[in-house]
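**Q** what's the 3D shape of this:
(one chain, ligands or ions: 1)
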Amino acid sequence: MAWRIVTIILNMLIVGICCLEEPEGDISIDEIIRNASTGSVIDNRNGDVIVEYDLVLSLDEYEAHYGNINYKDNTIISPRKAVKSDHGGLLWPNGVIPYEIASNTFSYQQRSYIEYAIADWERYTCLHFRKANYNDKRKVVFSNGNGCWSNIGMTRNYGPQYVYLAPNCRYKSIILHEIGHALGFFHEHTRPDRDDFVYIQEENVMYNQLYNFRKNTWYVTDSHGVPYDYTSIMHYSDTAFSRNGASTIVTKNRNYQSRIGKYRQLSFRDIKAANKMYQCKPNWCKYTDYNCPGEGFIGKDCKCWCVGTPYKQCGLINVYPPTTTTLRPTTTTVRPTTAGNCVDKYSLCNYWSTFGRCTSSLFVKNNCKKSCNSCSVTTPPPPPVIICADSGKHCEYWSNAGFCQITKYKWFLIKNCMRSCGLCNSLAREGKCQDNDIECPKLASKGDCENNSEYMEASCRKSCNMCSPN
Ligand SMILES: [Zn+2]
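**A** Residues are numbered from 1 along each chain as shown. Okay, the predicted model is just below:
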């Protein structure tokens with residue numbers, strides 16, 4: 001690693017007087033790739049097939065994908081629907097990619113561009129490129145070739161796979177793009193959902209080249225929830241495979257029409273997709289992308305990475321904001337601690353609560369009452385059960401005779417003739433007219449009867465004079 005940094009620094013000093021890291025002008029990724037290649041759709045070395053200018057498919061992969069090939073003139077004939085079969089490659093185990101750079105092939109500067117591109121992929125993901133050793137059967141070999149070509153992902157063949165870099169492909173952006181293929185990326189314009197974002201102008205596509213615009217199916221691709229990206233380094237330009245110079249890809253968002261295919265760096269969504277593909281979030285990290293604002297995701301450092309240039313760190317958010325419950329609201333006047341158990345017994349309570357553990361874990365529920373909003377407010381005791389009945393034998397008679405209104409008999413009748421004397425309702429109200437919180441008088445004097453009326457009506461009816469006049 002250290003030597004790579006030294007190499008990069010040395011090259012930064014040298015590059016200025018030698019070679020360009022990026023081509024001059026407003027040239028697109030696909031134009032560079034096209035100009036650098038021979039135009040053949042066959043890799044004469046091993047019979048692999050090249051599609052979309054730079055994707056290497058084995059014949060098996062190709063046949064599964066397209067159909068037959070006419071070897072005589074290197075054109076595709078009768079493309080058929082992709083059949084359901086193994087397609088493309090695999091992910092690199094544990095995100096480790098053994099690699100080597102073919103010797104006597106690249107200039108010092110060109111090697112440094114390869115190292116720059118590798119360094120970018122490593123910086124923004126958990127991927128680790130290490131120099132291949134004798135025991136590495138599977139490895140990426142950066143090599144010269146007839147174009148800028150790469151397989152998709154780790155090939156199923158148990159052996160080396162090549163990222164071919166013809167002399168005119170040896171720019172950092174192209175290498176970033178080709179490594180993207182080797183990691184498992186297809187071209188952005190072939191995403192299954194591309195029709196929601198671009199129109200393909202078939203009438204402008206070169207004869208027999210329409211297959212380069214076939215859409216992938218979700219069977220072989222996974223967006224990992226990352227939306228379509230006009231700024232992806234894997235996107236081709238608006239005139240890719242054009243036969244007349246007119247647009248073949250028209251962006252629905254017109255702001256990107258002349259920009260697609262011309263981004264030279266990994267985009268935020270490229271980075272996010274790679275992080276998702278290779279599951280870069282550490283196992284010990286319990287946050288999820290839902291803890292990040294916007295399109296943010298949890299990066300390899302267990303922190304939120306948000307859209308930036310290309311990314312920036314952003315704060316975690318609580319995805320489970322306390323919901324309003326019938327428990328006491330969280331105003332300062334609430335009496336949550338009456339029962340003396342409204343505390344978090346563990347410092348991690350708030351953390352656990354954000355992951356919904358209050359409901360899924362009895363331990364958390366019992367030990368994190370504060371964070372779980374499960375403080376037991378002193379519940380008003382149920383009103384006394386008042387059996388509204390007459391116990392006396394002649395109540396109805398007494399009532400009709402007007403005895404209920406005679407003070408002299410009142411307590412006798414309350415006791416024995418509640419129903420007949422019509423006292424049930426008023427007694428029931430009296431039954432509720434009490435304080436259920438020893439702090440009620442103090443709270444009432446603070447003005448809580450008005451400011452926190454919901455709680456006070458439930459718990460401090462007496463101190464708040466909320467009892468119905470009898
Ligand atoms: Zn490509």
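**Q** Domain map for the chain?
**A** Domain assignment for the chain by the TED database gives 29-65+79-183, 344-375.
**Q** so how far does the first one reach from one end to the other?
**A** What it means is domain 29-65+79-183. 18 Å (Cα to Cα, to the nearest Å).
**Q** Can you find the helix or strand in this structure with the smallest mean pLDDT?
**A** When the helices and strands of the chain are scored by mean pLDDT, DSSP states H and E, strand 75-79 comes last with a mean of 39.
**Q** Residues contacting the very next helix or strand once past that one, please?
**A** Of the helices and strands lying after strand 75-79 in sequence (DSSP states H and E), the nearest is strand 96-101. If you take Cβ atoms under 8 Å, 6 or more residues apart in numbering as the criterion, strand 96-101 is touched by 111, 114, 118, 127-133, 136, 138-142, 182-183. C-beta here means a position set from N, CA and C on the backbone, and glycine is covered the same way.
**Q** can you tell me which of those residues are in helices?
**A** Per DSSP state H, helices hold the following members of those: 111, 114, 118, 182-183.
**Q** Now do the strands in the stretch 201-350 of the chain.
**A** 249-251, 297-298, 304-307, 311-314 (DSSP state E, counting those that start in this stretch).
**Q** in the first one, what's buried?
**A** It stands for strand 249-251. For strand 249-251, burial by neighbour count (16 or more other Cβ atoms under 10 Å) applies to 249, 251.
**Q** For it, give the mean pLDDT please.
**A** Averaging pLDDT along strand 249-251 gives 98.
**Q** returning to that earlier point: find the one among the strands of the stretch 201-350 of the chain with the highest mean neighbour count.
**A** strand 297-298 (a mean of 24; mean count of other Cβ atoms under 10 Å).
**Q** Can you give the strand pairings for that strand, parallel or anti for each?
**A** strand 304-307 (antiparallel) (DSSP bridges).
**Q** avg pLDDT for the strand it pairs with?
**A** Mean predicted confidence for strand 304-307 is 97.
**Q** Can you list the neighbours in contact with that strand?
**A** By Cβ under 8 Å, 6+ apart, strand 304-307 touches 268, 271-272, 275, 287, 291-299, 311-317.
**Q** And the buried ones among those, selectable in PyMOL?
**A** Here is the PyMOL command that selects the buried residues among the contacts of strand 304-307 (16+ other Cβ under 10 Å):
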select buried, resi 268+271+272+275+287+291+292+296+297+298+299+311+314
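**Q** In a helix, Ala458, correct?
**A** Yes - per DSSP: H, G, I helix; E, B strand; the rest coil, Ala458 lies within a helix segment.
**Q** Give me the subset of the contacts of strand 304-307 lying in helices.
**A** Mapping the contacts of strand 304-307 onto helices (DSSP H) picks out 268, 271-272, 275.
**Q** Asp435 and Ala458 touch, don't they?
**A** No - the criterion here is Cβ atoms under 8 Å, and Asp435 misses it with Ala458 at 10.9 Å.
**Q** shaky segments in the stretch 201-350 of the chain?
**A** The stretch 201-350 of the chain contains residues with pLDDT under 70 at 219-220, 319-341, 345-350.
**Q** State the distance from Lys262 to Asn366.
**A** 59 Å (Cβ to Cβ, to the nearest Å).
**Q** which of the two has more neighbours?
**A** Lys262 (18 against 12; other Cβ atoms under 10 Å).
**Q** need the contact list for the closest residue to that one other than its chain neighbours.
**A** Nearest-residue entry for Lys262: Ser28, 5.1 Å, with adjacent residues in sequence omitted and distances by Cβ to Cβ, 6 or more residues apart in numbering. Ser28 sits next to 236-237, 239-240, 260-262 when contact means Cβ under 8 Å, 6+ apart.
**Q** at 10 Å instead, please
**A** Contact analysis of Ser28 by Cβ atoms under 10 Å, 6 or more residues apart in numbering lists 34, 173, 235-240, 258-263.
**Q** Same check on Tyr278?
**A** 91-92, 94-96, 125-128, 183-184, 300.
**Q** make it 6 Å
**A** Counting by Cβ atoms under 6 Å, 6 or more residues apart in numbering, Tyr278 touches 95, 126.
**Q** Could you do Ser173 as well?
**A** Contacts of Ser173 (Cβ under 6 Å, 6+ apart): 22, 264.
**Q** Let me know the secondary structure of it.
**A** Going by three-state DSSP: Ser173 is helix.
**Q** That one and Ile152: what is the separation?
**A** Counting by Cβ to Cβ, the gap from Ser173 to Ile152 is 19 Å.
**Q** In strands only, show me the contacts of strand 96-101.
**A** Members of the contacts of strand 96-101 lying in strands (criterion: DSSP state E): 128-131, 139-142.
**Q** Fine by me, we can end here.
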